[in-house]
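A.B. asks: Predicted model and sequence follow; I will ask about them next.
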Amino acid sequence: MSDFDLIVIGAGPGGYAAALRGAQAGMRVACIDERTTAGGTCLNVGCIPSKALLSSTEHWAEFTSQAEYGIESDNARFDVAKIMIRKDRVVSDLAKGIAFLFKKAGVEFVNGRAAIAAPGRVSVGDREITATKILIATGSTPTTLPGVAFDETRILSSTGALALAEVPQRLAVVGAGVIGLEIGQIWSRLGAKVTIIEYLDRILPGLDSEIAKSAQRLLAKQGISFTLNAAVRSVAAGDLVTIEIENRSSAAVETLEADAVLVAIGRRPHTAGLGLEALGVKTDARGFIEVDAQFRTNIPGILAIGDTVPGPMLAHKAEEDAAACIDALAGKPHPAPDYGLVPGVVYTSPEIAGVGLTEDGAHSPGRNIVVGKSSFIANGRARAIGATDGFVKVIACPETGKLLGGHILGHGAGELLQELVLGLRLGATVGDIVHTSHAHPGMGEAVKEACQAALNAPATRVRHSPA
Ligand code: NAI
């Protein structure tokens, strides 16, 4: 008999959720991770520490601009070491929480680097453990530019950029994606001169372009510089970092000097060393493991979820994969995950959030859409709390009124979006949302107003397919 029913490799939001759900379904489960604590990238060096630092620095940014509210903040100062201590405490408290849940559910946590010796057999250091099923949930690692290696001192990945001992005077960021904006804002708020270099002519590709454009304008107003449409030709690190940037239109080359550079140009599946090639596990051209609707790879007994398989590379998507995968193993019914309904949130201030179709992405041949918008400047609560930047945008089908997408820029956008995520999931119409009571005064009234605007939208607001 095998040692376990299920071995989960990786204890991130996908892996630990799968391990717990497996144990709750009565499986004997081991969860292996090379970190000594569970939580993966998200908890240890990603989502959670970045949100802790965004929170500390948001307090600082707000505290030093309180005069409008009648509050003086003379002699205010911050202490980077204490900010980092708080961040580490938030992380370690949550890690203890997972350890407690593992213990309570009877999941055996194994610390070490795992490799799959054969279906059913996993080696961790000198130890070999066996299981009927092996689930790969090893997440992803940051990509870097060709020939540029992370040293986490001058050339930073998100891991290094979330653990700096002091504020760099000048921080260059390559990539105006989620990580670049969030971490750029953290250090910008503390006084770093932040320049974000982006290959495309816009920030946040994949998000609604109108929302992204407004977000860029607001972030620029806060002091973050953007160099768009720019290809990084070279990065040289000595006492300083020197970056050669080529304008992709004019081919003009400029040199940027900085104290450190954060390279945040995406992530790739973290599967090296697992032995996938020897096993014959199929991967696609970008290295993602190919799986079926039940997260089974082509090799019987080996499954994969989260960032190792195609789909949005997000913690909540990994967690949903985990639930669907384990329920399938346990023979329980579970709706297939719909990646088109996975929300994305950028936790900058103002926050940026989106789900479903974007306005620019909605123009597939033959599709008509109607767009409704509402600005927070017209919202009573937003006025009262001083959060008037941003707007809500909904996209709906003009014939049925069905919601197709929702995009929010503004204070608490991620939480406000959740109503639209549920609406999309349930096949709601914009009328359903308009007829839902929204408490007054509330930022959520802007969501209702945007849906009302979509209902009222004149024919000229109906965008026809350019095809
Ligand atoms: P990203 O895919 O969000 O953004 C990468 C950016 O770099 C893009 O704008 C891309 O056009 C640009 N880029 C690519 N190559 C470039 C080059 N050579 N020069 C200049 N720009 C270049 O990736 P990011 O920010 O590294 O994040 C990685 C993953 O982590 C994403 O899947 C993201 O969704 C996830 N994440 C999610 C967070 C959240 O949900 N709040 C927070 C942090 C990360």
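C.D. replies: Received it, and whenever you're ready, just let me know what you need.

A.B. asks: Next, Ser225: phi, psi?
C.D. replies: For Ser225, the backbone dihedrals (degrees, to the nearest 10) come out as phi -90, psi 140.

A.B. asks: That one against Thr195, yeah?
C.D. replies: Yes - if you go by Cβ atoms under 8 Å, Ser225 and Thr195 touch, sitting 4.5 Å apart. Placement of C-beta: from N, CA and C, glycine included.

A.B. asks: and Glu254, what are its bridge partners?
C.D. replies: Legend: beta-bridge partners of Glu254 under DSSP bridges are Ile245.

A.B. asks: could we number from 731 for the rest of this?
C.D. replies: Shifting the count to begin at 731 puts that one at Glu984.

A.B. asks: Report how many residues lie close to it.
C.D. replies: 11 (other Cβ atoms under 10 Å).

A.B. asks: try Tyr799
C.D. replies: 9.

A.B. asks: got it, and Ile778?
C.D. replies: Other residues near Ile778 come to 21 when the count uses other Cβ under 10 Å.

A.B. asks: Tell me the residues on the protein that lie near the ligand, please.
C.D. replies: With Cβ under 6 Å from any ligand atom as the criterion, the chain comes near the ligand at residues 777, 875, 904-910, 912, 927-930, 935, 962, 994-997, 1043-1044, 1075-1077.

A.B. asks: about what we covered before: neighbour-wise, which of Ser955 and Thr925 wins?
C.D. replies: Per other Cβ under 10 Å, whichever of Ser955 and Thr925 has more neighbours is Thr925, with 21 against 16.

A.B. asks: Let me see the contact set for the spatially most central residue of the chain.
C.D. replies: In the chain, the centroid-proximal residue (Cα atoms, centre = their mean) is Leu1044; its distance is 5.0 Å. Residues in contact with Leu1044 (Cβ atoms under 8 Å, 6 or more residues apart in numbering) are 1072, 1074.

A.B. asks: Show the buried residues in the residues of the chain next to the ligand.
C.D. replies: The neighbour count (16 or more other Cβ atoms under 10 Å) marks 777, 875, 904-910, 912, 927-928, 962, 994-995, 997, 1043-1044, 1075-1077 as buried among the residues of the chain next to the ligand.

A.B. asks: Just those residues: which are in strands?
C.D. replies: Among these, the ones falling in strands (DSSP state E) are 904, 927, 962, 997, 1075-1076.

A.B. asks: Let's verify the closest residue to Ala748 other than its chain neighbours: helix, strand, or coil?
C.D. replies: Spatial nearest neighbour of Ala748, chain neighbours left out: Ala1052 (3.8 Å); criterion: Cβ to Cβ, 6 or more residues apart in numbering. Judged by DSSP: H, G, I helix; E, B strand; the rest coil, the three-state class of Ala1052 is helix.

A.B. asks: how close does the residue nearest to the centre of the chain get to Leu865?
C.D. replies: When distance is defined by Cβ to Cβ, to the nearest Å, Leu1044 is 18 Å away from Leu865.

A.B. asks: again with Ala1053
C.D. replies: 12 Å.

A.B. asks: Those two: which is more packed in?
C.D. replies: Each of Ala1053 and Leu865 has its neighbours counted (other Cβ under 10 Å); Leu865 has more, 32 against 18.

A.B. asks: can I assume that one sits in a helix?
C.D. replies: No - per three-state DSSP, Leu865 lies outside any helix segment and is strand.

A.B. asks: who's in contact with it?
C.D. replies: Counting by Cβ under 8 Å, 6+ apart, Leu865 touches 736-739, 745, 748, 1025, 1033-1035, 1055.

A.B. asks: Turn those into TSV, including neighbour count and distance to Thr1088.
C.D. replies: Shown next, in TSV, are these (neighbours: other Cβ atoms under 10 Å; distance: Cβ to Cβ, whole Å):
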residue	neighbour count	distance to Thr1088
Leu736	26	38
Ile737	30	39
Val738	37	34
Ile739	27	35
Gly745	28	31
Ala748	34	31
Phe1025	26	28
Leu1033	27	32
Ala1034	30	29
Ile1035	33	26
Cys1055	31	29
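
A.B. asks: Out of these, the closest to Ala945 would be?
C.D. replies: Nearest to Ala945 among the contacts of Leu865: Ile1035, at 30.6 Å, using Cβ to Cβ.

A.B. asks: any idea where the helices of the stretch 931-1080 of the chain begin and end?
C.D. replies: For the stretch 931-1080 of the chain, the helices defined by DSSP state H, counting those that start in this stretch occupy 939-951, 1006-1009, 1045-1059.

A.B. asks: Now do the buried residues in the first one.
C.D. replies: Read it as helix 939-951. For helix 939-951, by 16+ other Cβ under 10 Å, it's 939-942, 944-946, 948-949.

A.B. asks: For the ligand, state which of those residues is nearest.
C.D. replies: Ala942 (9.6 Å; Cβ to the nearest ligand atom).

A.B. asks: any low-confidence regions in the stretch 1081-1197 of the chain?
C.D. replies: 1092-1096, 1188-1197 (pLDDT under 70).

A.B. asks: again but with the chain, I slipped
C.D. replies: 1092-1096, 1188-1197.

A.B. asks: How about it: which residue is closest to the ligand?
C.D. replies: Per Cβ to the nearest ligand atom, Gly907 is where the chain lies closest to the ligand, at 1.7 Å.

A.B. asks: which residue packs closest to that residue, ignoring adjacent ones?
C.D. replies: Residue nearest to Gly907 in three dimensions, not counting chain neighbours: Ala994, with 6.0 Å by Cβ to Cβ, 6+ apart.

A.B. asks: ok, the one you found touching Thr874?
C.D. replies: No - using Cβ under 8 Å, Ala994 is not in contact with Thr874, being 9.8 Å away.

A.B. asks: shared neighbours, those two?
C.D. replies: Applying Cβ under 8 Å, 6+ apart, one finds that Ala994 and Thr874 are jointly contacted by Ser887.

A.B. asks: For burial, what's the neighbour tally of Ser795?
C.D. replies: Neighbourhood size, Ser795 [other Cβ under 10 Å]: 12.

A.B. asks: swap that for Ala1169, sorry
C.D. replies: By other Cβ under 10 Å, the residues close to Ala1169 number 8.

A.B. asks: what's the farthest-apart pair in the contacts of Leu865?
C.D. replies: The most widely separated members of the contacts of Leu865, counting by Cβ to Cβ, are Ile737 and Phe1025 (14.7 Å).

A.B. asks: how long is stretch 1130-1143 from one end to the other?
C.D. replies: Stretch 1130-1143 has an end-to-end distance of 26 Å (criterion: Cα to Cα, to the nearest Å).

A.B. asks: picking up where we left off before, was I right to think the residue of the chain closest to the ligand contacts Leu992?
C.D. replies: No - shown here, Gly907 and Leu992 do not form a contact pair, counting by Cβ under 8 Å, at 11.1 Å.

A.B. asks: what residues are up against Lys1123?
C.D. replies: Lys1123 sits in contact with 938, 940-941, 1089, 1101-1103, 1136-1138, 1180, where contact means Cβ under 8 Å, 6+ apart.

A.B. asks: repeat that for 10 Å
C.D. replies: By Cβ atoms under 10 Å, 6 or more residues apart in numbering, the contact list for Lys1123 reads 938, 940-941, 944, 1084, 1088-1089, 1101-1105, 1135-1139, 1180, 1183-1184.
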